[in-house]
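**Q** Take this sequence and fold it.
(2 chains)
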Amino acid sequence: MPETSNNNLGTQSVTLFATCMIDQMAPTVGESTVEVLEHLGLQVKFVDQQTCCGQPAFNSGFRSESLPVAQRFLELFEAVDGPIIVPSGSCAAMVRNFYTDLFRDDQSLVERANTLNERLYEFTEFIDRFFGSDAIAGSCDDRVTYHKCCHLLREIGIDEQPLEMLSNIDGLEMTPMNRADVCCGFGGAFSVKMPDISSAILEEKLDNIEATKANRVVAGDIGCIYQIEGGLRRRGSTIRVLHLAEILSESIRNRKTGKATE
Amino acid sequence: MKPLTINFRSKAAQTIGDEQVQNSLEHVYTGFYQGRINAASDTPNWEELRTKGKAIKDHTIAHLDHYLDMFSEKVEQSGGTVFFADNAEEARQYITELAKDRDIETVIKSKSMVSEEMSLAENMNDSGFETIETDLGEYIIQLAGETPYHLIAPAVHKSRKDVAELLDEDFTDGDRVPDATELTMLAREQLRDVFARADMSVTGVNFAVAESGSIVLVTNEGNGRMSTSVPRIHVAVMGMEKIVPSIQDLSTMLRILIRSATGQRISTYVTMVNGPKTPDEEEGPEEFHVVIMNNGRLKLLKDPLLRESLNCIRCGACLNACPVYRKVGGHAYGWVYPGPIGAIVTPVITGLKDATNLPAASSLCGACHEACPVKINIPRMLLELRHKTAEGLSDPDERTSKFVERAIWKTWRIGMMGRGRFDWGARLAYLFMRPFSINGWIKKAPPPISGWTVSRDFPLIAGKSLKYRLKHRHKKEI
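**A** Below you'll find the model as predicted:
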């Protein structure tokens, strides 16, 4: 049963934009997102036809390929009411900040995107805004450090909120990371187009992670999560990387089943 | 300076593999980057100052012709001469002709990135004028026969040992490396004599104040002030974007420039020059020339999507904040301006065709935008340049994307335009990748993902999509 059903949202129903990567590569992150939202008393809708927001092609400069995909996203999500939740700072930033550039030759599209953006939220931002960073009280007994994903931090403006949410989990020990706000080197296609530069940036991040002695890293974007975890695995490290939604849902479950020390 | 942007990738790889340079680049973060963060947090109205700085620059660039006219009129009123150079060649010619005409033997230079666009020191030396850099970093770089590595710290990649060897081959005393003070004293000794005999100086310009016709130099070494006061002829070179309307605007710009560059509240020297010496003054140069250079800046001005890059005040904060610059170093960028701002102005000024890798070499992390004292949205402009190179819609000549790349994105688009294809494509990729995976991760992938697996394991696509899993999930009570 949901613990919280009071919110200042004005609705009990939200829509998930899973993002293409979570949908096909990390569905468990999507499931965790749904579980956390349901725990907050919300009903989560899923638009069956959804694919991608268009960011990969846009970032690579192929705007004419990106445009129809972005327009398709816009049409699909205009058709549903209520808040749209995106468990990715990067995809939320694409819709919120970069659609203006992508759509600039058609002002009616820009206006429609602006209207949609009035009810589109990144996952952490949504919880913090409508439920507060102390809304979820679970438990787990991990030693955790937090990596600040660039777009979530600089495009969406989510900085300390995830740390507050994590500090609310019983038994979880936070250990601060040096240069937590420095990029991990992912950058989408950049990571395969310029692997030597992307890897050099990653190595510094991995050193800073290992120095924390954490057994888990929490971050807010699946691309960065795979970049960091892929690097840690290559090093033979046992440190694992989780999306914020995953650790929140796990800690809720632990609380329910009485697992994890208090 | 001849652009070598085409070598970006090989130069970058070389720097990444150079342990000593990587150690030096670390100081860019611990020194300059941290310095700026501290200075900003010690300044209560910091964000307000940035907003003000941006407004001043936006306004000035929008009325550039007006303020350039006002500035040159004021310079001429105070007895100076203004020369507008359309390109580096014209600027170089003017200065060389001037030196010839005035029987100059020795020229001293203070730090100026615009003079690097002209390769001025090198060219003046080749034309028979002894031309010496007097900024310590630039002097080291000149001795090494290199180009500056950083906007404000040209020799940041050099170790103390490198510097000692460059200043004096016999100076290293066994294994002992002289400290910074000893090295500075040695350079000072070598340069004193040059200062004394120089009859012409070339300096840069940090700001040019339109209402007073003053040029302003921000330095920490005193060489700039000596350059503007000792020789009988002073030539100041500037890009046409260096104008600020008033002294009041200057005070805002100085506050944000210096804090953003070195983290100081004020530099050791801030020098303002108003023309040559007047009849009732005993000292100062007899002649004062200002060379105002275009060299591609009008191209930036005419492009509404890239114009904001002219707001740059060359503080170097975006370089210090940039994770890419801190790995690939300054020389990889292949021309005068390195780092994030260089990745915009260099391709436009020297040609996008050879410089495609510059805007591509970014994770779009936004640290540059966050650091910029005048809030230049660098990532946005990098995306505009990527758009040009990918599709070349406004100028087909700028399209450098390969056929394969275009085919990949076309396929991607087709796959994303329907849920059925999207699931089908993911399924196919899953079946193809699965045999290569161990516990859901792949150690060595074929192109185009082979780049990833050089240093990272690659995650296997999930066998079942989120859509499928949500459809078939038993409502778990949590």
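**Q** can you pull the pLDDT of residue 64?
**A** Going with chain A. According to the model's per-residue confidence, residue A:64 sits at a pLDDT of 98.
**Q** Please refer instead to chain B.
**A** Residue-level pLDDT assigned to residue B:64 equals 98.
**Q** Also residue B:177?
**A** At residue B:177, the predicted lDDT confidence score is 83.
**Q** Now do the contacts for it.
**A** By CB atoms under 8 Å, 6 or more residues apart in numbering or on different chains, residue B:177 lies in contact with B:160, B:161, B:164. In short, each C-beta sits where N, CA and C put it, glycine included.
**Q** Residue B:313 too?
**A** Applying CB under 8 Å, 6+ apart, one finds that residue B:313 lies in contact with B:53, B:57, B:206, B:207, B:253, B:256, B:257, B:373, B:374.
**Q** Wait, a strand at it?
**A** No - judged by DSSP: H, G, I helix; E, B strand; the rest coil, residue B:313 forms no part of a strand; its state is coil.
**Q** Next, find the distance separating it from residue B:379.
**A** If you measure residue B:313 against residue B:379 using CB to CB, to the nearest Å, the figure is 19 Å.
**Q** Of the contacts of residue B:177, just the buried ones, PyMOL syntax please.
**A** For the buried members of these, the matching PyMOL selection, counting by 16 or more other CB atoms under 10 Å in any protein chain shown, is:
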select buried, chain B and resi 164
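**Q** out of the contacts of residue B:177, which are inside helices?
**A** When DSSP state H is applied, these are split such that B:160, B:161, B:164 fall in helices.
**Q** Rebuild those as CSV, extending it with pLDDT and distance to chain A.
**A** Below are those laid out as CSV (pLDDT from 0 to 100; distance: CB to the nearest CB, whole Å):
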residue, pLDDT, distance to chain A
B:160, 90, 24
B:161, 89, 24
B:164, 91, 29
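**Q** Domains in chain B, by residue range?
**A** Under automatic domain parsing, the residue ranges defining each domain of chain B are B:1-20+B:316-401, B:43-297, B:413-471.
**Q** Of these, give the one that comes closest to residue A:11.
**A** When these are compared by CB to CB, domain B:413-471 sits nearest residue A:11, at 19.8 Å.
**Q** so what's residue 236 scoring on pLDDT?
**A** Just going to use chain A. Here, the pLDDT recorded for residue A:236 equals 97.
**Q** oops, I was thinking of chain B
**A** Taken from the predicted model, the pLDDT recorded for residue B:236 is 98.
**Q** which regions of the chain sit below the pLDDT cut-off?
**A** By default, I'm working from chain A. Screening chain A residue by residue with the criterion pLDDT under 70, one finds the ranges A:1-7, A:260-262.
**Q** The intended chain is chain B.
**A** In chain B the weaker segments, taking pLDDT under 70 as the threshold, are B:170-174, B:474-478.
**Q** secondary structure class for the residue nearest the centre of it?
**A** Chain B has residue B:337 as the residue nearest its centroid, 3.6 Å off, counting by CA atoms, centre = their mean. Secondary structure assignment for residue B:337 (three-state DSSP): coil.
**Q** Now do the contacts for it.
**A** Remark: with contacts taken as CB under 8 Å, 6+ apart, residue B:337 is in contact with B:113, B:151, B:345, B:346.
**Q** Give me the subset of the residues you listed lying in helices.
**A** When helices are assigned by DSSP H, the members of the contacts of residue B:337 inside them are B:113, B:345, B:346.
**Q** Which of those ranks first by neighbour count?
**A** Neighbours here mean other CB atoms under 10 Å in any protein chain shown. Within the ones in helices among the contacts of residue B:337, the largest count is held by residue B:346, at 26 neighbours.
**Q** which ones are touching the nearest residue to it once chain neighbours are set aside?
**A** Counting by CB to CB, 6 or more residues apart in numbering or on different chains, the nearest residue to residue B:346 once its immediate chain neighbours are dropped is residue B:335, at 4.6 Å. By CB under 8 Å, 6+ apart, the residues touching residue B:335 are B:1, B:3, B:4, B:5, B:342, B:346, B:349, B:350.
**Q** Turn those residues into a markdown table, including secondary structure.
**A** Compiled in a markdown table, the contacts of residue B:335 are given as follows (three-state DSSP):
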| residue | secondary structure |
| --- | --- |
| B:1 | coil |
| B:3 | coil |
| B:4 | coil |
| B:5 | helix |
| B:342 | helix |
| B:346 | helix |
| B:349 | helix |
| B:350 | helix |
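**Q** farthest pair in these?
**A** Across the contacts of residue B:335, the longest distance by CB to CB is 13.6 Å; it joins B:4 and B:349.
**Q** Give me the more crowded residue out of those two.
**A** The neighbour comparison of residue B:4 against residue B:349 (other CB under 10 Å) goes to residue B:349, with 23 against 17.
**Q** Nearest residue to the more buried one in space, ignoring adjacent ones along the chain?
**A** With CB to CB, 6+ apart as the measure, residue B:296 is the residue that lies nearest to residue B:349, at 3.4 Å, once sequence neighbours are left out.
**Q** wouldn't the one you found be in contact with residue B:352 here?
**A** No - Residue B:296 sits out of contact with residue B:352 when judged by CB atoms under 8 Å, with a separation of 11.6 Å.
**Q** Compare these two (neighbour count), which wins?
**A** A side-by-side neighbour count of residue B:296 and residue B:352, using other CB under 10 Å, places residue B:352 first with 22 against 19.
**Q** Now do the contacts for the residue lying closest to that one once chain neighbours are set aside.
**A** Here the nearest residue to residue B:352 in space, its sequence neighbours aside, is residue B:398; by CB to CB, 6+ apart that works out to 5.0 Å. Residues counted as contacts of residue B:398 (CB under 8 Å, 6+ apart) are B:352, B:353, B:388, B:389, B:392.
**Q** try 6 Å
**A** B:352, B:388, B:392 (CB atoms under 6 Å, 6 or more residues apart in numbering or on different chains).
**Q** what's the distance between it and chain A?
**A** Applying CB to the nearest CB, to the nearest Å, one obtains 11 Å for the distance of residue B:398 from chain A.
**Q** Return the backbone torsion pair for residue A:228.
**A** When quoted as degrees, to the nearest 10, the phi and psi of residue A:228 stand at phi -70, psi -50.
**Q** And residue B:218, by the same measure?
**A** Geometry field for residue B:218 lists phi and psi as phi -110, psi 110, criterion degrees, to the nearest 10.
**Q** And residue B:407, how far from residue A:71?
**A** Between residue B:407 and residue A:71 the distance is 22 Å, computed by CB to CB.
**Q** between those two, which one's more packed in?
**A** residue A:71 (19 against 10).
**Q** Spatially nearest residue to the more buried one (excluding sequence neighbours)?
**A** With sequence-adjacent residues excluded and distances taken as CB to CB, 6+ apart, residue A:71 is closest to residue A:109, at 6.7 Å.
**Q** Next, that neighbour: secondary structure please.
**A** At residue A:109 the chain is in helix, as set by three-state DSSP.
**Q** quick one: residue B:52 and residue B:435, what's the gap?
**A** From residue B:52 to residue B:435 the distance is 61 Å (CB to CB).
**Q** Of those two, give the one with the bigger neighbour count.
**A** With neighbours defined as other CB under 10 Å, residue B:52 and residue B:435 compare such that residue B:52 has more, 17 against 7.
**Q** Please name the residues that touch residue 200.
**A** Picking chain A for this. Under the criterion of CB under 6 Å, 6+ apart, the contact list for residue A:200 reads B:16, B:327.
**Q** wrong one, chain B
**A** Residues in contact with residue B:200, defined by CB under 6 Å, 6+ apart, are B:99, B:104, B:107, B:231, B:233.
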